[in-house]
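> model this:
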Amino acid sequence: MTALSVPPPEPDWEAAPVYQGGKRNPAFQTSAWEYAAVNFRLVAGLRVPLEALAARLRLTLESSWDDLGEMEIAMFRVRTTDFALTRHDGQDVVLVWLARATPEEDAALELLLTVCGLDRRALCFVGNPTTGLTHREGQST
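Down below sits the predicted model:
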């Protein structure tokens, strides 16, 4: 069988994950997180290192990106509750995402904190920009 070669990109094509008006590259690449994120909602922020949370639960961190930039992410399930933890490069706050299908945010947050060996002092905010963020006493994001 003869090997076929793929020609290089056209010289005026932009990188696929980058948006430009009048984009010349026919491919527009999105991250796996951008596809998954529609199934999650932001519910809180944690002021503990993402690496420590991943180590505690033996999670593998994945690299991804969104329109805010590069990020690390872990998506996982505890019992029947789906979570995602994300942290953008240069940020200290770990964002806690909950599956949209999960109705009880407070119970899910308590479950997450319990399995991580934490209490509510680890939360720097609860809520999201749509519902309003409730900052924890003495904390800012």
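> which non-adjacent residue is nearest Thr81?
Using Cβ to Cβ, 6 or more residues apart in numbering and skipping residues adjacent in sequence, the residue nearest Thr81 is Ala108, 5.0 Å away. For the C-beta atoms, the positions are set from N, CA and C on the backbone; glycine is no exception.
> which positions within the helix or strand that neighbour falls within qualify as buried?
Following DSSP states H and E, one finds Ala108 within helix 105-115. For helix 105-115, burial by neighbour count (16 or more other Cβ atoms under 10 Å) applies to Glu105, Ala108, Leu109, Leu111, Leu112, Leu113.
> wait, the last one touches Arg121, no?
Yep, that's Leu113 we're talking about. No: Leu113 is not in contact with Arg121 according to Cβ atoms under 8 Å; the separation is 9.5 Å.
> what touches both of those two?
Common contact partners of Leu113 and Arg121 (Cβ atoms under 8 Å, 6 or more residues apart in numbering): none.
> any idea of the mean pLDDT in the longest strand along the chain?
Taking DSSP state E as the criterion, the chain has its longest strand at strand 69-78. Mean per-residue pLDDT for strand 69-78: 96.
> strands paired with that strand, and their directions?
Using DSSP bridges, the strands paired with strand 69-78 are strand 62-66 (antiparallel), strand 81-88 (antiparallel).
> list the helices and strands the helix or strand just after the longest one packs on?
Next helix or strand after strand 81-88 toward the C-terminus (DSSP H and E): strand 94-99. Counting contacts by 3 or more Cβ pairs under 8 Å, 6 or more residues apart in numbering; DSSP states H and E, the secondary-structure elements packed against strand 94-99 are strand 40-46, strand 81-88, helix 105-115.
> can you do 10 Å?
Judged by 3 or more Cβ pairs under 10 Å, 6 or more residues apart in numbering; DSSP states H and E, strand 94-99 is in contact with helix 32-37, strand 40-46, helix 50-57, strand 69-78, strand 81-88, helix 105-115, strand 123-128.
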